[in-house]
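Asker: Fold the stuff below for me.
(4 chains)
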Number of protein chains: 2
Amino acid sequence: MADPKRARIQDVAEQAGVSMMTVSRVLNQDKKVSDKTREKVMAVVEQLNYRPNVSARRLASTKSFFLGLLYDNPSDSYISQFLLAALKKCRALGYHLVVDEAHTDIDKTIESVKQLIDVTQVDGMILLPPMCDNEQVLDVLTKAQVPFVRITPDTKLNRSPYICMDDYQAAFDVTEHLINQGHSKIAHIIGDTKQGVSRLRYQGYLDALRSNKIITPPEYIEQGSFTYQSGMKAAIKLLSLDDKPTAIFAANDDMAAAVISIAQKQGINIPSELSVVGFDDTQLATIVWPNISTVKQPINEMAELAITLLASGQYNDLSNVKSLDLRHILDFELIERESSSTNKNN
Amino acid sequence: MADPKRARIQDVAEQAGVSMMTVSRVLNQDKKVSDKTREKVMAVVEQLNYRPNVSARRLASTKSFFLGLLYDNPSDSYISQFLLAALKKCRALGYHLVVDEAHTDIDKTIESVKQLIDVTQVDGMILLPPMCDNEQVLDVLTKAQVPFVRITPDTKLNRSPYICMDDYQAAFDVTEHLINQGHSKIAHIIGDTKQGVSRLRYQGYLDALRSNKIITPPEYIEQGSFTYQSGMKAAIKLLSLDDKPTAIFAANDDMAAAVISIAQKQGINIPSELSVVGFDDTQLATIVWPNISTVKQPINEMAELAITLLASGQYNDLSNVKSLDLRHILDFELIERESSSTNKNN
DNA sequence: AAATTTGTTGTTAGCGCTAACATTTTCAGT
DNA sequence: ACTGAAAATGTTAGCGCTAACAACAAATTT
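Answerer: Next up is the predicted model:
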């Protein structure tokens, strides 16, 4: 409990019988250290529970040990979760995270990114959607030679390492899950056309139907825009059809929640008369009743991986990196909750 | 665009014709500088757009320029908003924010706080509810003499500066707002009894009715627990009464959303047949339809003030601070949306 | 006017770490 | 064994700032 006086690099050096510089090299993954020395030093590091002083490090080195995060929509719980995971990982790796919100005015955003580069001198940037597809932002970072990682980008995939999940496969799986539960009248509410994931999810839905030889009428496809209200409109149309679907796959949770609300208003029981599945596993999915079956994005893993990639410096020079090595696909997870169940209408 | 080489304290000193130490003193609010010198230095600081190097500062001084934030519920959009505002303010003041999540296991949380004190050596801590009322956490911080600010605490108000809003007054106002819209049959769904705000909001509701000489039957009061489901239960009871209320004030947005859902299920139009108001202005309030009229907590201002107070160091010694000076009450805001309107039932 | 106090500014050293260079060790090739 | 290069380790200086003390000027007292 008493103050155990945090160990310094000198303490480690003395204890290990080497110079401070050697310890520094070990800690910075410098190749020019013999395995024997490395092990010896690491042992002492463990023993003294030595953690480098970030400030001293930053002051002395050319690296800033700052990473930047550019996000867009502050009210989304997605941001919150991503941010917390990123902060945690940064701390573990001795980095600091500087968080910046994109302006509606793109010029201001660019200015802000330039500040991060010039003043804060970030070692790398993380771009969240939809900023990750903004050409201007990409250009500024590329020109300044600041490495960056993009999260679920939609376009220009060769311009940086990026992290995503397989939206197509998830949509395929979730649709097939409904099929396996005995549903064949499965409708889909498409997401915002401006976002690439909408297309992927739609395609996954279509292919799952096709591969199970299920034919659905065109009225079962509604265009939404990821908002609750667009979900309501779509639900009203779908539930007024003569031949109602027994399951609805909405491209996100907000729209799924809207479907549930409309169905309940019409006295349609969920899930016995209608199964509803969403996408994203946002907070909303567990707030409404019944809870929404959905697809969970691996947000925490995405955040951790993004920080790890930037901290490793492995993408500081992209010229020798193959296109395929830029892509990092993480696993999603199907989450079954109360809004979906086996079809009891047959 | 070219690299404008960030100014150092030496540059400022030379330009102002004083020593580096004098500049340092000006920047650290040291009293022992003449007004004339201070102005001269500040002018040069402005001119060169000088910002102290946080790392150098931290390395040289006894302060760590780290502030800690202990939160509890990661899925709440409240956290996200608070966090972003806090991060922003920290950056502006040259501090770093270290964020830590409370464990369900309180011993682990304590351990984590001790780490923040011993290893990170935070200059101060912010405690979010409900951790701000945890006796053990308060004790550890007090013993270590780490100043801390609490956000909307419920108890032990004399133990630290704290920031809150006037829940009682907000509940009073929102109830009176309904009354002014012509409602007299106003029901209330009480929040979780374990949280002090529930009591305050309930009392505000009661007093608003009383001061307007409105008498409501006891069936108009339902006990909830801040969850959507508890709101559903309460709503079902309230809407099955023979003499239905024309307005329902739920102690938070989740329960208000549940009321809306149940009402719609029963074919009750909102707001023409039933007005619903919530509390908190969470994301949910604008997701569901109709959007929920609610009370907005000044989360951003709370976060900024918390950081400012800790950075100022004015509470580093509490022995001479009067109880009253510990309290910082911020203004709330009534937000009218589509879920409430003038009573048309009369 | 000298002595003392008070207020203001300057000097020196060093926080913990790493860049750049200097030195020593290792080990292949002759 | 002897050379020369490569690999491993050590030495020096300094990143930008502030604590602690030193020095000086102004205000006050004797």
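Asker: Need the CA coordinates for stretch A:206-217. PDB is fine.
Answerer: Presented in PDB, the C-alpha positions along stretch A:206-217 are these (Å, rounded to 0.1, in the frame of the first residue of the first chain):
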ATOM      1  CA  LEU A 206     -31.500 -12.200 -51.400                       C
ATOM      2  CA  ASP A 207     -28.800 -14.800 -51.700                       C
ATOM      3  CA  ALA A 208     -30.000 -16.700 -48.600                       C
ATOM      4  CA  LEU A 209     -33.500 -16.800 -50.100                       C
ATOM      5  CA  ARG A 210     -32.200 -17.900 -53.400                       C
ATOM      6  CA  SER A 211     -29.900 -20.600 -52.000                       C
ATOM      7  CA  ASN A 212     -32.900 -22.000 -50.200                       C
ATOM      8  CA  LYS A 213     -35.100 -21.800 -53.300                       C
ATOM      9  CA  ILE A 214     -37.500 -19.400 -51.800                       C
ATOM     10  CA  ILE A 215     -39.200 -16.900 -54.000                       C
ATOM     11  CA  THR A 216     -40.600 -13.700 -52.500                       C
ATOM     12  CA  PRO A 217     -42.800 -11.200 -54.100                       C
END
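Asker: Between the two ends of stretch A:131-148, how far is it?
Answerer: Length of stretch A:131-148, first residue to last, C-alpha to C-alpha, to the nearest Å: 12 Å.
Asker: Give the rounded mean pLDDT of that stretch.
Answerer: Averaged across stretch A:131-148, the pLDDT comes to 94.
Asker: Quick check: closest non-adjacent residue to residue A:217.
Answerer: residue A:243 (7.4 Å; C-beta to C-beta, 6 or more residues apart in numbering or on different chains). Any C-beta I mention is one placed from the backbone N, CA and C, and that applies to glycine too.
Asker: whoops, residue A:15 was the one
Answerer: residue A:44 (4.7 Å).
Asker: for stretch A:211-227, which positions count as buried?
Answerer: Using 16 or more other C-beta atoms under 10 Å in any protein chain shown as the test for burial, stretch A:211-227 gives A:216, A:220, A:221, A:222, A:223, A:224, A:225, A:226, A:227.
Asker: Show me which pair in those is furthest apart.
Answerer: Farthest apart among the buried residues of stretch A:211-227 by C-beta to C-beta are A:216 and A:227. That separation is 23.9 Å.
Asker: Could you list the low-pLDDT ranges of the stretch 101-250 of chain A?
Answerer: Judged against pLDDT under 70, the stretch 101-250 of chain A has no low-scoring part.
Asker: what about stretch A:112-132 and DNA strand D, any contact?
Answerer: No: under the criterion of C-beta under 7 Å from any atom of the strand, DNA strand D is not reached by stretch A:112-132; the shortest gap measures 11.0 Å.
Asker: Can you get me the start-to-end distance on that stretch?
Answerer: Termini of stretch A:112-132 sit 15 Å apart (C-alpha to C-alpha).
Asker: Run the chain-centre distance for it.
Answerer: Distance of stretch A:112-132 from the chain centroid (C-alpha atoms, centre = their mean, to the nearest Å) equals 17 Å.
Asker: likewise stretch A:58-68?
Answerer: Put simply, stretch A:58-68 sits 25 Å off its chain's centre (C-alpha atoms, centre = their mean).
Asker: Please apply the same query to stretch A:28-40.
Answerer: How far stretch A:28-40 lies from its chain's middle: 35 Å, per C-alpha atoms, centre = their mean.
Asker: can you pull the contacts of residue A:258?
Answerer: By C-beta atoms under 8 Å, 6 or more residues apart in numbering or on different chains, the residues touching residue A:258 are A:228, A:229, A:230, A:231, A:232, A:234, A:235, A:250, B:289.
Asker: if we go to 7 Å?
Answerer: Counting by C-beta atoms under 7 Å, 6 or more residues apart in numbering or on different chains, residue A:258 makes contact with A:228, A:231, A:232, A:235.
Asker: next one: residue A:293
Answerer: By C-beta under 7 Å, 6+ apart, the residues touching residue A:293 are A:277, A:335, A:336, A:337, A:339, A:340.
Asker: Got a PyMOL select line for the buried ones in the residues you listed?
Answerer: To isolate the buried ones among the contacts of residue A:293 in PyMOL, judged by 16+ other C-beta under 10 Å, type:
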select buried, chain A and resi 277+335+337+339+340
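Asker: okay if I get the contacts of residue A:293 as JSON lines plus distance to residue A:109?
Answerer: Formatted as JSON lines, those follow (distance: C-beta to C-beta, whole Å):
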{"residue": "A:277", "distance to residue A:109": "35"}
{"residue": "A:335", "distance to residue A:109": "34"}
{"residue": "A:336", "distance to residue A:109": "40"}
{"residue": "A:337", "distance to residue A:109": "37"}
{"residue": "A:339", "distance to residue A:109": "38"}
{"residue": "A:340", "distance to residue A:109": "40"}
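Asker: Redo the buried residues of stretch A:211-227 as a markdown table? Include secondary structure.
Answerer: Below are the buried residues of stretch A:211-227 laid out as a markdown table (DSSP: H, G, I helix; E, B strand; the rest coil):
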| residue | secondary structure |
| --- | --- |
| A:216 | coil |
| A:220 | helix |
| A:221 | strand |
| A:222 | strand |
| A:223 | strand |
| A:224 | coil |
| A:225 | coil |
| A:226 | coil |
| A:227 | coil |
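Asker: Mind putting these into JSON lines with distance to DNA strand C?
Answerer: Rendered in JSON lines, the data for the buried residues of stretch A:211-227 read as follows (distance: C-beta to the nearest atom of the strand, whole Å):
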{"residue": "A:216", "distance to DNA strand C": "60"}
{"residue": "A:220", "distance to DNA strand C": "60"}
{"residue": "A:221", "distance to DNA strand C": "56"}
{"residue": "A:222", "distance to DNA strand C": "56"}
{"residue": "A:223", "distance to DNA strand C": "54"}
{"residue": "A:224", "distance to DNA strand C": "51"}
{"residue": "A:225", "distance to DNA strand C": "49"}
{"residue": "A:226", "distance to DNA strand C": "45"}
{"residue": "A:227", "distance to DNA strand C": "48"}
